[in-house]
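Student: Build the 3D model from these lines:
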Amino acid sequence: MARSWATFGVDLHLEPTGPRLRRGLTDALREAVRGGRLPSGARLPSSRSLAADLGIARNTVAEAYADLVAEGWLTARQGSGTRVAEGRQVPPPGVRPHRPERPRPAYDLRPGTPDLGSFPRAEWLRAARRALTAAPSDALGYGDPRGRTELRTALAGYLARTRGVRADPGHLVICGGFAHGLKLLTTVLRARGTRTIAVESYGLDEHRLLLTAAGLATTPLPVDGQGADPGPLKDAGAVLLTPAHQFPIGVPLRHDRRAAVVDWARHTGGLVLEDDYDG
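Tutor: Numbers count the residues shown, from 1 in each chain. This next block holds a predicted model:
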């Protein structure tokens, strides 16, 4: 037997055992269904495909499928292929059966959740096609861990135009979201000797938990109609802010408080981390 992997929407690993190949295959498929490796409704490979992957005769697979259909483990319909029958899984002892997910509400009013139905799918697809067509071959491999040079160069230009920040592309790091960037920055902060970071009293728990898990203590900053109050910043080594629109209240950080944060950073050498979540 050359290989025991079959791929047709799922990776099907089978180990037919015993002196009779057909019975061994039937038992292996039945056990895969019973144990839950093949869930209800899963489509199985065609008899030709599975036979080729297992290195056995196609009739052997077809007969094994027919046996399991007769036993009620599988279903076979013209044009739909062979699938696992509903309700045949037996959960192992001590494992709770899977509960179906609750239906989603018609309107999701949680803060921070955009209208995903408005995502520009067609435009995104066209842009991705253009980028993939023009990309050099090395773009498909492992590249610079900071991100593609082209992307960092484009972002440096964007920062100069929209923020008035002159940034060297070599000093930019592309992250998979703010939480990823914050996790990287915790290593930088610890290396700088930082032990305490100030955070807004109203903010994302996930960010505070991430900082705490990295061994950093958090000091809360009061938040009011003028944004975060920088008063308690004195002993902190860094501060995490959402100055454009405080999350979740939504107020911008007032200009005099922004100036106070900048003065604090200049005098203490502290770092200001901005979560520009809607920028």
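
Student: Phi, psi for the residue nearest to Asp235 when sequence neighbours are not counted please.
Tutor: With C-beta to C-beta, 6 or more residues apart in numbering as the criterion, Asp235 has its nearest non-adjacent residue at 6.3 Å, and that residue is Thr196. Where you see a C-beta, it was placed from the backbone N, CA and C, and this is true even at glycine. As for Thr196, its main-chain torsions (degrees, to the nearest 10) stand at phi -130, psi 140.

Student: and Thr196, what does it touch?
Tutor: Contacts for Thr196 (C-beta atoms under 8 Å, 6 or more residues apart in numbering) come out as 216-219, 235-237.

Student: Could you list everything it pairs with in the sheet?
Tutor: Using DSSP bridges, the bridge partners assigned to Thr196 are Ala217.

Student: residue ranges of the strands in the chain, please?
Tutor: Under the criterion DSSP state E, strands of the chain are mapped to 5-7, 11-13, 74-77, 81-84, 196-200, 217-221, 223-224, 227-228, 238-241, 271-274.

Student: Mind giving me the packing neighbours of the third one?
Tutor: Think strand 74-77. Helices and strands touching strand 74-77, by 3 or more C-beta pairs under 8 Å, 6 or more residues apart in numbering; DSSP states H and E, are helix 58-71, strand 81-84.

Student: Please work out which residues outside the shortest one touch it.
Tutor: This means strand 81-84. 33, 38-44, 46-47, 65, 69, 73-76.

Student: Kindly report the same for the first one.
Tutor: Contacting residues not belonging to helix 58-71 are listed as 21-22, 25-26, 29-30, 33, 44, 47-48, 50-51, 54, 74-76, 82 [C-beta under 8 Å, 6+ apart].

Student: If any of those are buried, give me the ChimeraX selection for them.
Tutor: To isolate the buried members of the contacts of helix 58-71 in ChimeraX, using 16 or more other C-beta atoms under 10 Å:
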select :21,22,25,26,29,30,33,44,47,50,51,54,74,82
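
Student: From the contacts of helix 58-71, which land in helices?
Tutor: 21-22, 25-26, 29-30, 33, 47-48, 50-51, 54 (DSSP state H).

Student: Let me have these in TSV, extended by pLDDT and distance to Phe178.
Tutor: Below are those laid out as TSV (pLDDT from 0 to 100; distance: C-beta to C-beta, whole Å):
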residue	pLDDT	distance to Phe178
Leu21	86	55
Arg22	88	56
Leu25	91	50
Thr26	92	52
Leu29	91	46
Arg30	90	48
Val33	89	43
Ser47	89	50
Arg48	89	49
Leu50	87	46
Ala51	86	50
Leu54	83	48
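
Student: from the strands of the chain, which stretch is densest packed?
Tutor: Ranked by average neighbour count under the criterion mean count of other C-beta atoms under 10 Å, those are headed by strand 227-228 at a mean of 28.

Student: Name the strands paired with it and say parallel or antiparallel.
Tutor: Strand 227-228 is paired, per DSSP bridges, with strand 223-224 (antiparallel).

Student: quick one: which of the contacts of strand 81-84 is nearest Gly250?
Tutor: Pro39 (43.1 Å; C-beta to C-beta).

Student: For that closest one, what are phi and psi?
Tutor: Here Pro39 shows phi and psi, under degrees, to the nearest 10, equal to phi -70, psi 170.

Student: now the stretch 101-250 of the chain, which segments are flagged as low pLDDT?
Tutor: For the stretch 101-250 of the chain, no stretch is flagged by pLDDT under 70.

Student: Reformat the ones in helices among the contacts of helix 58-71 as TSV; add distance to Pro230.
Tutor: As requested, the ones in helices among the contacts of helix 58-71 are exported to TSV (distance: C-beta to C-beta, whole Å):
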residue	distance to Pro230
Leu21	75
Arg22	76
Leu25	70
Thr26	71
Leu29	65
Arg30	67
Val33	62
Ser47	70
Arg48	70
Leu50	66
Ala51	71
Leu54	68
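
Student: Show me which of the residues you listed is closest to Ala179.
Tutor: Val33 (38.8 Å).

Student: who's in contact with Thr75?
Tutor: 69, 82-85.

Student: do Ile174 as well
Tutor: 146-148, 151-152, 155.

Student: got the contact list for the nearest residue to Leu189 once chain neighbours are set aside?
Tutor: Distances taken as C-beta to C-beta, 6+ apart place Ala238 nearest to Leu189, at 5.6 Å, with adjacent residues excluded. By C-beta under 8 Å, 6+ apart, the contact set of Ala238 is 189, 194, 197-198, 270-273.
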